[in-house]
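Chemist: Pasting the sequence and the predicted coordinates here, then a few questions.
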Amino acid sequence: MKPYDSKLKKTIVTTICIIFGNALLAFLVAAFIIPHDIIMGGTTGIGIVLNRLVPAVDVSVFVLILNLLMLVLGLIVLGKKFFFTTIASSVLYPLMLGAFQKIPGIETLTDDPLLAAVFAGTLMGIALGLVMRVGSSTGGMDVVNLVCAKVFHLPVAVFVYIADIVVVGGQALFSSSEKILLGILVLVLESIILDKVMIVGKAQIQVFVVSQKSDEIRKALIDSLDVGVTMMMIETGKLGMEGKGIMCVISQRRLYSVTELARSIDPSVFITITQIREVRGRGFTLEQKHID
């Protein structure tokens with residue numbers, strides 16, 4: 001693939017992920033969070049609190065104003081690069097939220113608060129995962145957290161927790177204990193699904209093979225299965241015998257064929273299998289090249 005085509009493809013994928021991720025986030029907030037008064041963090045949570053104080057102004061308007069203010073703060077403190085990678089979500093999300101809120105009947109998709117919380121947390125994890133996978137940000141409180149981390153020289157996670165506690169605590173003043181518990185359920189589901197979305201399609205299996213017939217296995221893996229391998233010098237623990245270990249990283253669907261090939265050559269082969277969260281490099285994130 002030519003560099004221009006690769007860059008164009010990446011731009012298209014990034015654009016689609018940002019648009020769809022923000023649309024999905026706006027939909028779940030309009031359909032499940034706001035109608036059932038479920039607490040959540042970020043500028044949406046602040047917008048919900050402000051909407052309680054000033055009902056005449058929509059949540060989406062408050063979110064847009066807050067996002068724009070924080071975007072300007074990010075431009076001043078974090079620079080132009082951060083500004084341009086965050087501006088899309090900062091503007092798209094509140095505009096889409098306002099549009100979804102105007103759809104007739106969207107707030108009546110379910111009357112069950114628990115079902116609403118489950119769908120909200122699941123879809124939120126997917127939405128945020130799509131945006132973060134392409135290196136973008138949802139803006140809002142993320143800007144404040146990054147600015148505080150830069151100013152006070154503390155980990156970003158510290159300010160993420162503080163912001164969530166303050167925002168969720170503000171909503172808790174207007175919410176029942178049941179709504180608070182539903183909000184916690186949303187946050188837990190969001191974290192679990194977000195983690196899965198961030199690594200989907202990137203996770204691989206690492207296989208490490210130790211055998212006295214390592215050279216035969218290496219050749220068979222390369223020639224028969226077209227698997228990239230790395231050879232390592234090893235020494236057995238008890239006898240101190242030197243040998244070679246074979247490491248290869250493969251997709252889950254190729255695990256059976258790789259292990260069976262190794263066993264067919266050496267029935268006593270020693271194999272360890274490890275789940276890898278993400279793999280980058282030639283043959284995975286870069287185009288595979290064959291050397292004759």
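Modeler: Noted; the coordinates are in hand.

Chemist: Not counting its own residues, what contacts stretch 223-230?
Modeler: Applying C-beta atoms under 8 Å, 6 or more residues apart in numbering, the contact partners of stretch 223-230 are 218, 221-222, 246-250, 254, 257-258, 261, 282-283, 288. C-betas here are computed from N, CA, C, even on glycine.

Chemist: Test my guess that Q275 contacts I205.
Modeler: Yes: if you go by C-beta atoms under 8 Å, Q275 and I205 touch, sitting 6.5 Å apart.

Chemist: between these two, which one's more packed in?
Modeler: Legend: neighbour count by other C-beta atoms under 10 Å for Q275 and I205, higher for I205 (19 against 10).

Chemist: how about the more buried one, secondary structure?
Modeler: Put simply, I205 is strand when judged by DSSP: H, G, I helix; E, B strand; the rest coil.

Chemist: My reading is that I39 lies in a helix. Confirm?
Modeler: No: I39 sits outside any helix when classified using three-state DSSP, being coil.

Chemist: who are the neighbours in contact with it?
Modeler: Counting by C-beta under 8 Å, 6+ apart, I39 has contacts 45, 48, 168, 171-172, 175, 179-180, 182-183, 186.

Chemist: what's the closest of those residues to I34?
Modeler: The shortest approach to I34 among these belongs to I48, at 7.0 Å (C-beta to C-beta).

Chemist: State the helix or strand in which that closest one lies.
Modeler: Element membership for I48 (DSSP states H and E) is helix 42-53.

Chemist: Just the CA coordinates for that helix, please, in CSV.
Modeler: The C-alpha coordinates for helix 42-53 follow below in CSV (Å, rounded to 0.1, in the frame of the first residue of the first chain):
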residue,chain,number,x,y,z
GLY,A,42,-17.6,14.8,32.8
THR,A,43,-19.2,17.9,31.4
THR,A,44,-22.4,16.0,30.8
GLY,A,45,-22.7,15.5,34.6
ILE,A,46,-22.0,19.2,35.2
GLY,A,47,-24.6,20.0,32.5
ILE,A,48,-27.2,17.9,34.3
VAL,A,49,-26.5,19.7,37.6
LEU,A,50,-26.7,23.1,35.9
ASN,A,51,-29.9,22.1,34.1
ARG,A,52,-31.5,21.3,37.5
LEU,A,53,-30.6,24.8,38.6
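
Chemist: so where's the longest strand in the protein?
Modeler: Using DSSP state E, we find that the single longest strand of the chain is strand 242-250.

Chemist: Quick check: which ranges of the chain have low pLDDT?
Modeler: Applying pLDDT under 70 to the chain picks out residues 1-5, 135, 155-157, 201-203, 278-292.

Chemist: now the helices: where do they sit in the stretch 1-150 of the chain?
Modeler: For the stretch 1-150 of the chain, the helices defined by DSSP state H, counting those that start in this stretch occupy 3-28, 42-53, 59-78, 80-101, 113-133, 141-152.

Chemist: Could you dump the ones you listed into a markdown table and include distance to T236?
Modeler: Converted to a markdown table, these look like this (distance: least, C-beta to C-beta, whole Å):
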| stretch | distance to T236 |
| --- | --- |
| helix 3-28 | 45 |
| helix 42-53 | 54 |
| helix 59-78 | 53 |
| helix 80-101 | 51 |
| helix 113-133 | 42 |
| helix 141-152 | 48 |
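
Chemist: is it possible to export those to a markdown table including mean neighbour count?
Modeler: Below are the helices of the stretch 1-150 of the chain laid out as a markdown table (neighbours: other C-beta atoms under 10 Å):
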| stretch | mean neighbour count |
| --- | --- |
| helix 3-28 | 16 |
| helix 42-53 | 21 |
| helix 59-78 | 19 |
| helix 80-101 | 19 |
| helix 113-133 | 21 |
| helix 141-152 | 18 |
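
Chemist: and G240, which of those is closest to it?
Modeler: Comparing those by C-beta to C-beta, helix 113-133 comes nearest, at 46.5 Å.

Chemist: can you list the residues that contact that closest one?
Modeler: 17-18, 20-22, 24-25, 27-29, 31-33, 35-36, 38, 40, 89, 109-110, 137-138, 178-179, 182-183, 185-198.

Chemist: Buried members of the residues you listed into PyMOL, please.
Modeler: If you want just the buried ones from the contacts of helix 113-133 in PyMOL, going by 16 or more other C-beta atoms under 10 Å, the selection is:
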select buried, resi 17+18+21+22+24+25+27+28+29+31+32+33+35+36+38+40+89+137+138+179+182+183+185+186+187+189+190+193+194+197+198
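
Chemist: what sits against I246?
Modeler: Contacts of I246 by C-beta under 8 Å, 6+ apart are 208-211, 214, 217-218, 221, 229-232.
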